[in-house]
Structure formats: C-alpha cells, structure tokens
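[1] Sequence first, then the predicted structure, then my questions.
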Amino acid sequence: MHAAEYRALMLRAYAEEPVAFTSTVAERMPLPLAWWAARVAEHAQPTEMVFGALVEGRLVGVAGLRFSERERTRHKAFLYGLYVAPPSRGQGIARALVEAVLAQEGATPGTRIVQLGVMQPNAPALRLYASCGFRPFGTEPHAIRVGERFVSIIHMWCDVGSPAA
Ligand SMILES: CC(C)(COP(=O)(O)OP(=O)(O)OC[C@H]1O[C@@H](n2cnc3c(N)ncnc32)[C@H](O)[C@@H]1OP(=O)(O)O)[C@@H](O)C(=O)NCCC(=O)NCCS
C-alpha cells in the first residue's frame, strides 16, 4: 500500500467523520510521510499491520491492527482506523477488512484477542463489530471531547482462540 494514498484516505476520514475517530486532521496532517510509511511498511515480525481494500486499483477502505509488545499482553492486539470511503459503503468491504484482521490475529502465533473502541453514537460500526463476533466489555464515559461535546467509547473484544497460542 502506498503511504501517500493511505495518508490521504485517513485525513479524509478524520475530516468527514470527526466523531468516529480519536485522531484529528490537526494532529495527523503535520506528520511526515515517513510516519505513514512506517505504518504500512511490511516487516517479517510486524508490530502493526494495515489492511487495504482496493476498487479498480484505488484504495477505498482500510483497517489497522496493532500487536501488543509487552510480555504479559502479547496475546492481545488492537483494531484501529477502520474506514470505508462513502461511495464504496454498503458492499461488505468493512466486514471483509474486519474478517481479515481477525484471520491475521488467529494466524499469528501467541495472539488471540482483538480489542477495539467505538464511539457510542456509531451504530453502523457497533452493528458491524457485533456481527463479526465482538462483545462489549465496558463503556468509558467522556472518553473523547469533540468541541464542547463529550463522547463515550464502548470497548469491545473478540477471542479468535489462536490454535498456536
Ligand atoms: C462503519 C463503516 C466502516 C462500514 O463500512 P461498510 O463497508 O459500509 O460496511 P459493510 O458493507 O461491510 O457492512 C457490514 C455490516 O456493518 C453494519 N452496517 C454498515 N453500514 C451500516 C449502516 N449505515 N447502518 C447500520 N448498520 C450498518 C451492518 O451490520 C452490515 O451488515 P449487513 O449489511 O449484513 O447488515 C463505514 O460506514 C465507515 O467508514 N464509517 C465511518 C468511519 C467509522 O465509523 N469507522 C469505525 C470506527 S470504530
């Protein structure tokens, strides 16, 4: 995946969906392209991976998976930055991305839990994650502040039960 294309898609996501993400355009716009390149770079033993969905060669959807590196939390990973561009929604792209993330977690030795956070008003995302096997384990009140408004985050988890764990 090209870092510049990933950067452009995520900046669009932060701008158009301000209540779906913790990150903002103001935070991410100044970061050098190398920061985005590091996220999408391929490694033999990655600490994070970004999955992309292409339509006619153009990047229209993404999802990130960050592995925990600490000895006692290495069985967990975090799903972040799920976004599908509006013209490509409603076609199963987000579901395919989440399934790819879960398959990766299941195939990575020693890992089995995927966690994520969803803003409370995000009904489409909550429904998607629930249908992919995620269960809520807590609500964080006033988790982020968007202007004068506080928004709660629902924390969810999914155990893919890696046979290699
Ligand atoms: C949420 C989002 C990723 C869904 O992408 P998508 O490719 O349109 O989703 P899919 O077509 O794969 O739909 C999968 C499931 O998601 C749920 N879903 C998707 N869009 C929905 C909507 N508008 N209303 C209710 N449920 C919806 C449904 O359960 C759907 O399954 P179904 O079609 O069998 O009913 C997309 O709307 C998006 O990028 N939103 C803005 C960013 C965001 O909220 N990211 C998540 C941050 S936690």
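    That came in fine, so what should we check first?
[2] Can you tell me how far the most centrally placed residue in the chain is from Ala20?
    The residue lying closest to the centre of the chain (CA atoms, centre = their mean) is Tyr80, at 2.2 Å. Distance of Tyr80 to Ala20, given as CB to CB, to the nearest Å: 11 Å. For glycine as for every other residue, the C-beta is placed from the backbone atoms N, C-alpha and C.
[3] repeat for Arg127
    The value you get for Arg127 to Ala20, if CB to CB is used, is 14 Å.
[4] Compare the two (neighbour count), which wins?
    Ala20 (19 against 10; other CB atoms under 10 Å).
[5] Just the pLDDT at the residue lying farthest from the centre of the chain, thanks.
    Ranked by distance from the centre of the chain (CA atoms, centre = their mean), the top residue is Glu148, with 25.5 Å. The model reports Glu148 with a pLDDT of 94.
[6] now swap in the one 4 residues further on and tell me
    On pLDDT, Ser152 comes in at 97.
[7] Okay, strands next: where are they in this structure?
    Secondary structure of the chain (DSSP state E): strands located at 48-55, 58-67, 76-84, 113-119, 135-146, 149-159.
[8] from what I can see Pro141 touches Ser152, true?
    Yes: Pro141 is in contact with Ser152 according to CB atoms under 8 Å; the separation is 5.2 Å.
[9] quick one, which of these two is more surrounded?
    Of the pair Pro141 and Ser152, Ser152 is the one with more neighbours under other CB under 10 Å, namely 15 against 9.
[10] Up against the ligand, what does this structure have?
    By CB under 6 Å from any ligand atom, the residues of the chain that approach the ligand are 17, 20, 82-84, 89-95, 118, 122-125, 127-128, 131.
[11] Buried ones among those?
    Buried subset of the residues of the chain next to the ligand (neighbour count, 16 or more other CB atoms under 10 Å): Ala20, Leu82, Tyr83, Val84, Ile93, Ala94, Val118, Asn122, Ala125, Leu128.
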